[in-house]
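Chemist: need a 3D model of the sequence below.
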Amino acid sequence: MSKLNGGRLTNIFASLLASVLAVTAVVCTFIRINELNAGLSIQMLASSLSMPQSAAAAAVNPPSKPKTTDAPVNSTEQPAQAAAESTAAKSDDEITDDESKYKGDKLPVVEQHFGSSGEDYGNFSVKNSTDYDIDYESFLSSDLGFKIEDTKEPQVLIVHTHTTESYLINDNGYYYTDYPFRSKDSSRNMVAVGKKIKEALKKNGISAVQADKIHDETYTGSYDRSEQTIYEYMEKYPSIRVILDIHRDAVGYDDERGKYKPTFTYNGKKAAQIMIMSGYDPYDNYGLGHWQENLTFALKLQQKAEDMYPGMTRPLYFGDFAYNMFINNGSLLIEVGTETNTLSEAQYTGELLGNVLSSVLNDNKG
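Modeler: Reported below is the predicted structural model:
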């Protein structure tokens, strides 16, 4: 082989090598971009499927802290919204019926019924984000892991980890971007909804107590603070068997696409749909060793809600989280509507939820 041909071959080889390296770099960059977008995709998917962003975030960044997480439970919102929600609650007088006080953009509220999504069984649906194959017949035919006693002592504790979560006042089909969706006013935040649940329980012969303490001056540490409150109430009232952490959700976008409000109608009156949440912990990462008993309770409540008030429930969300459900086998987290439901819709749902809970518990008296 001549030196000339050898030089040409060397140049050709060098060119080919450079091309291969360039293509490799492009492919790697593309893969990395997809990897970076994966986390966002999970959170965007969470919004479309009504999946709590806290659970979606856990799929990208598994929690290092056992038992609890301080990620906002109500954040099916986009990251910018979640950041806004993480600030301290607005002062009591900032929520007003006077729309002239709001100067932000006016964006749509999209009313929608969240029906079947995921696994359907009978008259209800479950969004199962785990690898666990739920035997619905077995769970629903099982007894609850606790018994309700025929006593005047409190059997149910209603608590609000994110106490200041609140709702719209008017049902106008829109909201203002500067509307404060959090309030310290207990007549307008989650305490007002929990109060309706408590009243319905009492009417149906079940004693309950409600913790109205604000735990979310900031989101950081809110679950730790509500956990402390729960233990204080359980020490004071050893009769407590059921712990309900009542929240509201937030679904949609802070732009022209709008935010979603899940609704159903009963007796001609509009109400907010609920989403029951139950945690999965097969390896005892969160101390939720009784997760199957919690799930039994959640499924019975979901089924009963649809029996009594068809359309009341969004798909039950079953996922890898704890949210203080490790405290006992009667603990559940329930989202009542979203931030763009009205307070009156949420309160009506609180009344209906209290009736549903009463029916399940009265069927399980010892």
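
Chemist: residue 366: how many residues sit nearby?
Modeler: 8 (other CB atoms under 10 Å). (Each C-beta comes from the backbone N, C-alpha and C, glycine too.)

Chemist: how far away is the residue lying closest to it once chain neighbours are set aside from residue 237?
Modeler: Nearest non-adjacent residue to residue 366, counting by CB to CB, 6 or more residues apart in numbering: residue 147, 3.4 Å away. Look at residue 147 and residue 237: by CB to CB, to the nearest Å, they are 16 Å apart.

Chemist: more neighbours: which of those two?
Modeler: Using other CB under 10 Å, the more surrounded residue of residue 147 and residue 237 is residue 237, with 16 against 12.

Chemist: can you tell me which residues contact that one?
Modeler: Contact partners of residue 237, counting by CB atoms under 8 Å, 6 or more residues apart in numbering, are 153-154, 157, 209.

Chemist: mind checking pLDDT for it?
Modeler: pLDDT for residue 237: 98.

Chemist: against residue 152, how distant is it?
Modeler: 11 Å.

Chemist: how about residue 117?
Modeler: Residue 117 is 41 Å from residue 152, by CB to CB.

Chemist: among these two, which residue is more densely surrounded?
Modeler: For residue 117 versus residue 152, neighbours defined as other CB under 10 Å are more numerous around residue 117 (16 against 9).

Chemist: isn't that one right up against residue 129?
Modeler: No: using CB atoms under 8 Å, residue 117 is not in contact with residue 129, being 11.4 Å away.

Chemist: show the contacting residues for the closest residue to residue 266 other than its chain neighbours.
Modeler: Among residues not flanking residue 266 along the chain, residue 309 sits closest, at 5.1 Å (CB to CB, 6+ apart). Going by CB under 8 Å, 6+ apart, residue 309 touches 264, 266, 271, 352, 356.

Chemist: now residue 211
Modeler: Each residue near residue 211 by CB under 8 Å, 6+ apart is listed here: 157-160, 226, 229-230, 233.

Chemist: recalculate using a threshold of 6 Å.
Modeler: By CB atoms under 6 Å, 6 or more residues apart in numbering, the contact list for residue 211 reads 159, 229.

Chemist: show residues contacting stretch 122-138.
Modeler: So stretch 122-138 is contacted by 116-119, 121, 280, 302-303, 306, 315-319 (CB under 6 Å, 6+ apart).

Chemist: mind running it again at 8 Å?
Modeler: So stretch 122-138 is contacted by 49-51, 55, 59, 115-121, 280, 282, 295, 299, 302-303, 305-307, 310, 313, 315-320 (CB under 8 Å, 6+ apart).

Chemist: quick check: buried residues in that stretch?
Modeler: By 16 or more other CB atoms under 10 Å, the buried positions in stretch 122-138 come out as 124-129, 134.

Chemist: with secondary structure and distance to residue 339 added, can I get those in JSON lines?
Modeler: Output for those, formatted as JSON lines (DSSP: H, G, I helix; E, B strand; the rest coil; distance: CB to CB, whole Å):
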{"residue": "124", "secondary structure": "strand", "distance to residue 339": "24"}
{"residue": "125", "secondary structure": "strand", "distance to residue 339": "23"}
{"residue": "126", "secondary structure": "strand", "distance to residue 339": "24"}
{"residue": "127", "secondary structure": "strand", "distance to residue 339": "20"}
{"residue": "128", "secondary structure": "strand", "distance to residue 339": "26"}
{"residue": "129", "secondary structure": "coil", "distance to residue 339": "23"}
{"residue": "134", "secondary structure": "coil", "distance to residue 339": "30"}
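
Chemist: please identify which pair of those lies farthest apart.
Modeler: 124 and 129 (16.6 Å; CB to CB).

Chemist: how much space between the residue nearest to residue 366 and residue 159?
Modeler: Taking CB to CB, one finds residue 147 at 21 Å from residue 159.

Chemist: re earlier: where strands are concerned, which of the contacts of residue 237 count?
Modeler: Per DSSP state E, strands hold the following members of the contacts of residue 237: 157, 209.

Chemist: just the buried residues of the contacts of residue 237.
Modeler: The buried subset of the contacts of residue 237 (16+ other CB under 10 Å) comprises 154, 157, 209.

Chemist: are we agreed that residue 284 is in a strand?
Modeler: No: using DSSP: H, G, I helix; E, B strand; the rest coil, the secondary structure at residue 284 is coil, not a strand.
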